[in-house]
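Participant: Quick one: sequence and predicted model below, then my questions.
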Amino acid sequence: METLAQILPGTLDLLILKAVSLGPLHGYGVLLRIAQISKGALLIEQGALYPALFRLVRQGLLKATWGTSEHKRRAKYYELTAAGRKRLREEAEGWNRLVTAIGAALKARPEEV
Amino acid sequence: MKLGSSIRTFLAFVFRRSRIEHEMEEELRSHLDTRADDLERQGLTRAEAERQARIEFGGYERYKEECREALGSRLLGELAADVRYGLRMLRRNPGFTAVAVVTLALGIGLDTTLFTAIDGLLLRPPANVEAPDRLLALYQTQPSERGGGSMPVWSYPDYAYYRDRSDAFSGLSAYSPIPVNLRIGGANDRTFGDLVSGNYFTVRGTKAVLGRTFVAGDDTLGASSVAVLSYELWQNRFGGDPGVVGKAVTINGRLFTVIGVAPKGTTDIGIQMAPAVWVPLSAQPAVDWPPGGTDALKNRGTGWLTVLGRLKPGITPRQAIAGLRVVARGLEQDYPALERGRGISVEPAVALPSFVSGPVTGIVVLLGALGGMLLLIPCANVASLMLARSWSRRSELAIRSALGASRLRTLRQLLTESILIGLSSAAVGLVLALWGAAALPHLKLPISLPIAIDFRPDIRVLGFTTLLAFVTALLFGTAPALQLSRAALSPQLGGRTGSDVRRRSRAQRLLVSAQVSISLLLLIGAGLCLRSLHSAERIDPGFETRDVLSFAVSPSLSGYSNARADVLYTQLLERLEATRGVRSASLAVLMPLSYGELEENVLPRDRTGTGAQGVQVAENLVTPGYFRTIGIPILRGRDFVGGVIDKDSVVVNQTLANQLFPRQNPVGQQLELGGGQHPRSVLIIGVARDSKYRTLGESPTPFLYGVFRPGFEGPAGTTVLVRTSGAPQLLIPAIRRQVRALDKNLPVTGMETMTEQIQSALWLARTLGAFFAVLGVAGTLLAMVGLYGSVAYSVARRTNEVGIRMAVGAQQRDVLKLVVGEGLFLALSGIGAGLVLAFLLTRFLRSLLYGVSPTDPLALSAVSILFMLVALAACYIPARRATKVDPMAALRHE
């Protein structure tokens, strides 16, 4: 594999919420969707996804229901709750502000100081 | 939401644990399979694809554990594992488990029984009372020059004065217990009822289960006579007849119409007396109690009512008392002669009134202290057993900690085991307590009042027992768990360090000494009570107790006028004295050694007008022949002869004679009785020998005998005393026949021999003595187990040391001395501490001890010596085992 970016601590929840906001997904589907929307640039160990999913369900941000996957396997599907949608919006805004600020800081040149 | 979801997870975990685990497994499995499908499609073989999927997934079990944690179920999982492991440990050591559970169950069972008793006596709110905390009991207070303190009862006019002026209360009600002769359909019952104000049921918030309770209109003079029945009376005497409302009952010779039935278990508030009927205060003349026509409703000087008030919503007791003080000042101004200096105080109505609760609280504090000891002794025992066992568990725990268990985790595991033991003990203890509580009501009270105390254990008792389970678990489990978990951290597996051993020994010694001293204290308490009972049996009551029979009749309650009662009494005495086997018979207002009260203000005639104050002297009114019948010798002068001659005669006892007329002949002296407005002049005609009047324990008391006259019935009726020439019990049927021949509707109550009466007088001492004895013996048994256990442990621990000593030439005798000496040192220090405790604590028993000092040397030394012998035996048995140690085996043991 090429060198992929490690996911920053704390951002996995945001990625999961974003992935699920595009439509209900099972766990493996969440992984594929994250790979897809990050253009394969982000790497996570697959198993690490599940504790995060369980935590989000317990926080009431995700809702889980059992269904049948496209591979005809029983799978647990996750979707956003209203609280999850709100949290995604807040976290995305926070992330954007952070990125803008860090980006601006990194662009700083000696003569500007 | 967080809490809600935690609770849901918890419940889900408890009830659906396997389902959650199953679903988690299925979900992760589904992920692996789907990934493998994809990899297979990319060209891998199925086996390779599955392997690759697993690698990409990462640590399967680790993530599963993290999922559990995310679900909040990890702690619970650990708890469940601890419980399973703990149960296995306990099953593997059945001997230890059985001893620990039985020891603790004994303590918990006794404590729960104690709690049930105290709960029933003091803590349980009265039944069928709405918002009992808003009810206040009102007491008038006395000016200090008249003795101060609160007066237990109110006169009717004073009550009415407050009732009409107290804005802070939604109602002030009054009641008074009265003796009642109840006739229902030809059958007579002597029982108790309550005279109550019209608003009584409204104020306490008690609604009728059938018909209605009183309204204000029922409580006006001249209103038709109505009564409310108790649920129990309705069930027992009317068979629960739903048509009872409107029926007639005869109360003290007058007809009353039943208007309703009170709910089950309705008692007075405060002292839990259960009246059979309630009648309005306006019926006081009809039921003739207090006797004397309508006087009781008019006389401001006669107290007989208890007053309860319900606070208006939003009013605090402090505001209420401020308002009441204003009323009290008004009353003082309106009736200065009688009311000057009188104030007002309030107390929570549900508590026992302060003049009763003082002694009761003392007893309860004593019982509470005992309860604490009863819990501490078994806990100390089990803790020392656990310490002994911890020796063999060190290796196990060292392995656990080597495998990565944290100290906290180990501690939690050990405490879980303790709690399991605690809970099992609580279960066994609860069974013991149910049995004990069933025995409680059999402790017959020595008074013939229908006090209805509910001793059934309820949910609060269950809660108390569960609490005890956890408290005991922490008490006996913490020290061993701390030591063990510390041991678990020690570097060598199963290694022993000298400092560890020393530390544990110190804790253990302390425990054993403590339990020896506590058991010793209990035993001393029991010993003192036994001694006290023994000497109480020998107290001379001052009269001849053999061959005397007593009973009571209450003609006034059967509708007799004073004149008719006088005739009845005369005929009754004549008939009794004519009965074969009766030597003499007489009447008295009060039964000797009963709790009745009759007092006179006494002042020698020649000191009247000098401003001298009289003394209050207890009194009894008796017929001629009383002294002969009960066997009190007349030392000077003569007995009453009756008739006009003795209209104004009294007999005094020695103490009163010496007090009033030292170095003079009291016979022939004149006394002024009554003081105040209606003084009465009387002549002393005789001096009777001192005797006991109220309790056997009392010191010589001044006492006065007046001439019996009808219309003065005591609370139990008029006492009839009969001296027989043979066994008194045999005459009971004949005596009952004589009474029935005179009036078949006159109930005879309290038929008893004087010997039985004396036994009742010793009730408190005997009951408490038995109680202490039971506890003392139980405590000693526990202490013996503890001492034996700890010395046995010490022997086990020192096996190799003993082996080495014997290998280098020590004799059996030396080993015996070594081990026994150590045990005896423990016992002696415990006994020393126990004696110090005894000196400090037993003085609280003083009021219960008849003729025995709280530091009675015989009781103290006998108990100490007994304890030394027991300790010696407890040390000797394990010590003998130490002498049997085979040096070679002992050395290999290490």
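Facilitator: Noted; the coordinates are in hand. From a predicted model like this one, the values you see are computed outputs, not experimental measurements.

Participant: Next, count neighbours for residue 65.
Facilitator: Using chain A. By the criterion of other C-beta atoms under 10 Å in any protein chain shown, A:T65 has 9 neighbours. Using the backbone N, CA and C atoms, a C-beta is placed for each residue, glycine as well.

Participant: sorry, should have said chain B
Facilitator: B:E65 - counted by other C-beta under 10 Å - has 14 other residues nearby.

Participant: Please apply the same query to B:T316.
Facilitator: That count, for B:T316 with other C-beta under 10 Å as the rule, works out to 10.

Participant: where does it fall, phi/psi-wise?
Facilitator: phi -90, psi 160 (degrees, to the nearest 10).

Participant: For it, give me its contacts.
Facilitator: Under the criterion of C-beta atoms under 8 Å, 6 or more residues apart in numbering or on different chains, B:T316 has no neighbours.

Participant: Okay, and residue 35 sits in which element?
Facilitator: Just so you know, I chose chain A. helix A:27-37 (DSSP states H and E).

Participant: That was the other one, I meant chain B.
Facilitator: Per DSSP H and E, B:R35 falls inside helix B:2-41.

Participant: Give me the buried positions along the next helix or strand after that helix.
Facilitator: Per DSSP H and E, helix B:2-41 leads on to helix B:46-57 as the next helix or strand towards the C-terminus. Across helix B:46-57, burial judged by 16 or more other C-beta atoms under 10 Å in any protein chain shown covers B:49-50, B:52-53, B:57.

Participant: Closest one of those residues to B:S556?
Facilitator: B:F57 (97.3 Å; C-beta to C-beta).

Participant: Name the residues of chain B found near chain A, please.
Facilitator: Residues of chain B lying close to chain A by C-beta under 8 Å from any C-beta of the partner chain are B:1, B:5, B:9, B:23, B:26-28, B:30-31, B:33-35, B:37, B:56-60, B:62-63, B:66-67, B:69-72.

Participant: let's go with 7 Å and repeat that
Facilitator: Within chain B, the positions adjacent to chain A are B:1, B:5, B:26-28, B:30-31, B:33-35, B:37, B:56-60, B:63, B:66-67, B:70-72 by C-beta under 7 Å from any C-beta of the partner chain.

Participant: Out of those, which end up buried?
Facilitator: Here, 16+ other C-beta under 10 Å leaves B:27-28, B:30-31, B:33-35, B:37, B:57, B:63, B:66-67, B:70-72 buried among the residues of chain B next to chain A.

Participant: any low-confidence regions in chain A?
Facilitator: A:1-10, A:43, A:112-113 (pLDDT under 70).

Participant: what's the spacing between the residue nearest in space to the middle of it and chain B?
Facilitator: Chain A has A:L15 as the residue nearest its centroid, 1.0 Å off, counting by C-alpha atoms, centre = their mean. According to C-beta to the nearest C-beta, to the nearest Å, A:L15 stands 17 Å off from chain B.

Participant: Settle this for me: that residue is touching A:Q36, isn't it.
Facilitator: No - at 11.5 Å, A:L15 does not count as touching A:Q36 under the criterion of C-beta atoms under 7 Å.

Participant: For the buried ones among the residues of chain B next to chain A, which two are the farthest from each other?
Facilitator: Among these, B:D37 and B:G72 lie farthest apart (C-beta to C-beta), at 32.6 Å.

Participant: Run the contact check for the helix of greatest length in chain A versus chain B.
Facilitator: Longest helix of chain A, by residue count under DSSP state H: helix A:82-107. No - using C-beta under 7 Å from any C-beta, helix A:82-107 stays clear of chain B, coming no nearer than 9.1 Å.
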